[in-house]
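Enquirer: curious how this folds, go ahead:
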Amino acid sequence: MIKLGLTGSIGMGKSTVAKMFADEGIPVFDADAEVHKLQGPAGRVVAAIEARFPGTTGEGGVNRTALAEAVLGDDAAMKALEAIVHPAVGEERAAFLTKHAVAPVVVFDVPLLFETGGQRAMDKVAVVSAAPDVQRARTLQRPGMSEGKFDAILARQVPDEEKRAHADFVIPTDVPLEETRAHVRRVIACLQGAEGR
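Expert: Predicted coordinates:
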């Protein structure tokens, strides 16, 4: 099995690319989706988050806006949150690997792959990338996003050019969708070829 880490900074189109891998029949572990599930109604980290960050949860699970306000710009708070969430995500990742043990290639969609050192657990890394003006325009269209919030998020992420420099593959998303899909197919062909050797 080849483990491909798929990452990219905010607004780069990583979710779109992850779906393209899934459409090609490649199992995809979506770290963000797992976090949403763990923090959703009856999610298994909700009680721990409420205990550490009172008032950030409710019937629907974690109030992500309230939690973001509680941790953004506070390194100690962010580390405390990560200490609750990361081990639970790790358990879900192990279950995913067991479920797909015979797959020749699996994708781990991890937004903060380089920031958390997760690339060391991968065989290859693909970075989803777009021009800075495209990234900014996409991100600022998101509900609840502001220039300040965008800049704060960017400040916590490894710069795009650094990610690209450490990637085995770069998948552009500031091109027509079919061109991005063609890049995805080439990555899969390359990995499946390597796996067969």
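Enquirer: what's the domain layout of this structure?
Expert: 1-27+104-197, 31-99 (automatic domain parsing).
Enquirer: of those domains, which stretch is the most buried?
Expert: The highest average neighbour count among those, using mean count of other C-beta atoms under 10 Å, belongs to domain 1-27+104-197 at a mean of 17. All C-beta atoms are positioned from the backbone trio N, CA, C, and that covers glycine.
Enquirer: low-confidence bits of the protein, can you list those?
Expert: Within the chain, the set of residues satisfying pLDDT under 70 comprises 194-197.
Enquirer: got the residue ranges for the strands in it?
Expert: Under the criterion DSSP state E, strands of the chain are mapped to 2-7, 28-30, 57-58, 61-62, 105-109, 124-129, 169-172.
Enquirer: partners of the fourth one, with directions?
Expert: Going back to what we said before, that points to strand 61-62. strand 57-58 (antiparallel) (DSSP bridges).
Enquirer: can you give the contact residues for the partner strand?
Expert: Residues outside strand 57-58 that contact it (C-beta atoms under 8 Å, 6 or more residues apart in numbering): 46, 49-50, 63.
Enquirer: could you pick out the longest helix of this structure?
Expert: Counting residues, the longest helix found in the chain (DSSP state H) is helix 75-99.
Enquirer: which residues in the chain form helices?
Expert: Going by DSSP H, the chain shows helices at 14-23, 31-39, 46-52, 64-71, 75-99, 132-140, 147-156, 160-165, 177-196.
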